[in-house]
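Asker: heads up, no residue letters with this:
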């Protein structure tokens, strides 16, 4: 919403914020009067030249879009002069585009309907107080955005290589609509899969199977980029960095598909004999490695191929944009030789050649999301022991947030009870860890299956939360916001206004946040990242208006701060109706 007028009152001395479902894996009135303005320390020591610069910035406010955020419902937090600790929890959901699991709901959907679905999903995300979406932009060496490296995805238009008509950029829209609502958007890439079994249209001329067929292998009905081919790994890295440079994403994410899940040799199971697994056809790359003097065993060589790509992604992404986090969501069972007693099942270390423990303890990721897609009571893959296992492997104190199989809540007889997911989330909150979890997938929440969204909003997601900080990336706090509180006698409102002048694009002020005490109860509010870029600076203004019709529901104390893109908090700025800080 564009504000018709913004009263700038700087503080002067006189003045007083895939995986498939079945896989295992009010405007200011001129008559308004300003109350005490906090944030005086930002300007009181400025020299005349600096004050002139700040004054020049005032002209930009008339052009700035700002968020008018309705006051939130009361939260029963004990009344004191100091607010509670800042709530932090990564609350995210995957948006799977492969096989049209989440978006778009079907191939070839008219553009207007695709866009309506985007709005519906991000609106539901905001309603539920989620704070991040993980959007699949590369399901199978294709693109959900314009690219010179890979073709348009079949899952968008129904035909690989065909752009939307009328044209638009889906990833750009996902980023912009998410950021308008204060939601992070992480771009999700499948690193090696080149064609999914659900694909119907032929590969486009730009597809890697046509441009570099020697890099692609046929395995189990899929096309797979060979991890042992250096050019295949470089293609994936190039695609990821192209997105990081061109889009204002908040994270890069890869899932559990490294080497493919094994398939059996057809006809290998005869009588009571066990089936024989089909080996991945990487002989050419393996033989080159051996001839050049490579000394690793074949399984270790395969793991090393994946390891080196994970390391390169992490280091390259942070060289481009230090605040863009890198996350990996591996299969939920760790190495067989390290598992907790009683835990059994598939070994990604031995079968997918994925050494997730190594990546975690080398610091080649910012967050790990092990897919813990089993119930709490399923002993061989029990949720809590597995969560504890991954936490125990986290020597460098990166973030470990479990992936939840939320789509197992459905309308069938085999549906999980909603309470299973509620218990899993509650269980994570009992652990001494930075809180967080990711839902697979968003469709279950959009559809509100068995009332799961209603229950989450009424209970576990009653209040918003900030995403946990990443201090290993940066621990430098951003500049505090300017806090202005004014009362409008005509509109009968008291408005809390926060302003920031730092560039969000360079990792600075991202959210404007406040604890506001109303009727003796502290409320936590987050201003979305609505930065407007100018040649000089970014100017961000958010407002939280409250009615003064009921004298007992008028804000009487504010404790505000800014948050940068690393999650760091600024120093606090405060205001109180009685003038006591």
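Answerer: Right, received. Where do you want to start? Please read all numbers here as calculations on a predicted model, not as lab measurements.

Asker: show me the helices in the stretch 301-450 of the chain, by range?
Answerer: Secondary structure of the stretch 301-450 of the chain, counting by DSSP state H, counting those that start in this stretch: helices at 348-351, 356-362, 383-392, 418-428, 442-446.

Asker: list the buried ones in the second one?
Answerer: It stands for helix 356-362. Buried residues in helix 356-362, defined by neighbour count with 16 or more other CB atoms under 10 Å: 356, 357, 358, 359, 360. For every residue, glycine as well, the C-beta is placed using N, CA and C.

Asker: helices or strands next to it in the packing?
Answerer: helix 298-320, helix 348-351, strand 367-368 (3 or more CB pairs under 8 Å, 6 or more residues apart in numbering; DSSP states H and E).

Asker: with the fourth one instead?
Answerer: Using 3+ CB pairs under 8 Å, 6+ apart as the contact criterion, the secondary-structure elements in contact with helix 418-428 are helix 383-392, strand 403-404, strand 436-439, helix 452-458.

Asker: just send these back as CSV, with distance to residue 480 and mean pLDDT too.
Answerer: Output for these, formatted as CSV (distance: least, CB to CB, whole Å; pLDDT from 0 to 100):
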stretch, distance to residue 480, mean pLDDT
helix 383-392, 34, 98
strand 403-404, 36, 98
strand 436-439, 26, 98
helix 452-458, 32, 98
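
Asker: pull the contacting residues for the residue lying closest to residue 373 once chain neighbours are set aside.
Answerer: Closest residue to residue 373 apart from its sequence neighbours, by CB to CB, 6 or more residues apart in numbering: residue 405 at 3.8 Å. Residues near residue 405 by CB atoms under 8 Å, 6 or more residues apart in numbering: 371, 372, 373, 374, 416, 440.

Asker: per the record, what domains does this structure have?
Answerer: Listed domain ranges for the chain are 33-86+483-576, 90-458 (source: automatic domain parsing).

Asker: report the beta-bridge partner residues of the residue nearest the centre of the chain.
Answerer: Nearest to the geometric centre of the chain sits residue 132, at 3.7 Å (CA atoms, centre = their mean). Note on residue 132: beta-bridge partners residue 92, residue 184, judged by DSSP bridges.

Asker: please begin residue numbering at 784 from this point
Answerer: Shifting the count to begin at 784 puts that one at residue 915.

Asker: please name the residues that touch it.
Answerer: Residues in contact with residue 915, defined by CB under 8 Å, 6+ apart, are 873, 874, 875, 876, 966, 967, 968, 969, 1033, 1034, 1250.

Asker: for residue 1131, same thing?
Answerer: Neighbours of residue 1131 in contact, by CB under 8 Å, 6+ apart: 1039, 1041, 1113, 1114, 1116, 1117, 1137, 1139.

Asker: residue 1359 touches residue 1299, doesn't it?
Answerer: No: judged on CB atoms under 8 Å, residue 1359 makes no contact with residue 1299 at a distance of 11.3 Å.

Asker: looking at the two, which is more packed in?
Answerer: residue 1299 (24 against 18; other CB atoms under 10 Å).

Asker: so what's residue 1046 closest to, chain neighbours aside?
Answerer: Leaving aside its sequence neighbours, residue 1046 sits nearest to residue 1003 (CB to CB, 6+ apart; 3.6 Å).

Asker: and the strands in the stretch 1234-1364 of the chain?
Answerer: Ranges of strands in the stretch 1234-1364 of the chain, per DSSP state E, counting those that start in this stretch, are 1265-1271, 1276-1283, 1292-1301, 1304-1310, 1315-1316, 1321-1330, 1338-1347, 1356-1359.

Asker: picking up where we left off before, which pLDDT value goes with the residue nearest to the centre of the chain?
Answerer: If you check residue 915, the pLDDT there is 98.

Asker: low-confidence ranges, the stretch 834-983 of the chain, go.
Answerer: 834-862 (pLDDT under 70).

Asker: show the residue spans covered by the helices in it.
Answerer: Using DSSP H, counting those that start in this stretch, helices in the stretch 834-983 of the chain cover 894-910, 937-940, 953-963.

Asker: before we move on, back to that, indicate which one of the helices and strands packed on helix 1139-1145 is closest to residue 947.
Answerer: helix 1081-1103 (27.0 Å; CB to CB).

Asker: what mean pLDDT does the closest one have?
Answerer: When pLDDT is averaged over helix 1081-1103, the result is 98.

Asker: quick one: buried residues of that helix?
Answerer: Result for helix 1081-1103 [16+ other CB under 10 Å]: buried residues 1084-1090, 1092-1097, 1099-1101.

Asker: of the residues you listed, closest to residue 907?
Answerer: Using CB to CB, these come closest to residue 907 at residue 1100, 28.6 Å.

Asker: how about the strands in the stretch 984-1133 of the chain?
Answerer: Counting by DSSP E, counting those that start in this stretch, the strands of the stretch 984-1133 of the chain are 999-1002, 1005-1008, 1034-1037, 1108-1111.

Asker: pLDDT at the residue lying farthest from the centre of the chain, what is it?
Answerer: Centroid-distance maximum for the chain: residue 1054 at 48.4 Å, with CA atoms, centre = their mean. Residue 1054 is assigned 73 on the pLDDT scale.

Asker: so how far is residue 965 from residue 1299?
Answerer: Counting by CB to CB, to the nearest Å, the separation of residue 1299 from residue 965 is 16 Å.

Asker: now residue 1118: closest residue in space, sequence neighbours ignored.
Answerer: Using CB to CB, 6+ apart, the nearest residue to residue 1118 is residue 1132, at 4.6 Å.

Asker: okay, now the one you found: neighbour count?
Answerer: Residues near residue 1132, counting by other CB under 10 Å: 22.

Asker: isn't it up against residue 1121?
Answerer: No: contact status for residue 1132 versus residue 1121: not in contact, 9.1 Å apart, counting by CB under 8 Å.

Asker: low-confidence regions, the stretch 1234-1364 of the chain specifically.
Answerer: 1286-1292, 1312-1321, 1364.

Asker: rerun at 80
Answerer: 1284-1292, 1311-1322, 1363-1364 (pLDDT under 80).

Asker: that older thread, list the residues that contact both of residue 1359 and residue 1299?
Answerer: In contact with both residue 1359 and residue 1299: 1340, 1341, using CB under 8 Å, 6+ apart.

Asker: what's the offset of stretch 1147-1157 from the middle of its chain?
Answerer: 13 Å (CA atoms, centre = their mean, to the nearest Å).

Asker: the residue farthest from the centre of the chain: what's it in contact with?
Answerer: Counting by CB under 8 Å, 6+ apart, residue 1054 has no contacts.

Asker: for it, phi and psi?
Answerer: phi 60, psi -130 (degrees, to the nearest 10).

Asker: any idea how far residue 1048 is from it?
Answerer: Plainly put, residue 1054 is 15 Å away from residue 1048 if you go by CB to CB.

Asker: do the same with residue 945
Answerer: The value you get for residue 945 to residue 1048, if CB to CB is used, is 37 Å.

Asker: excluding its backbone neighbours, what's nearest residue 946?
Answerer: That would be residue 935: by CB to CB, 6+ apart, it lies 5.3 Å from residue 946.

Asker: ok, how many other residues are close to residue 1360?
Answerer: Counted with other CB under 10 Å, the neighbours of residue 1360 add up to 16.

Asker: my guess is it contacts residue 1340. True?
Answerer: Yes: between residue 1360 and residue 1340 there is a contact under CB under 8 Å: 7.0 Å.

Asker: residues contacting residue 941?
Answerer: Residue 941 is in contact with 890, 891, 984, counting by CB under 8 Å, 6+ apart.

Asker: now which of the residues you listed would you call buried?
Answerer: With burial judged by 16+ other CB under 10 Å, the buried subset of the contacts of residue 941 is residue 890.

Asker: which residues sit in contact with residue 1185?
Answerer: So residue 1185 contacts 1115, 1152, 1153, 1154, 1155, 1166, 1170, 1173, 1207, 1211, 1220, 1221 (CB under 8 Å, 6+ apart).

Asker: ok, back up a step: which one of the contacts of residue 941 is nearest to residue 1126?
Answerer: Using CB to CB, those come closest to residue 1126 at residue 890, 39.2 Å.
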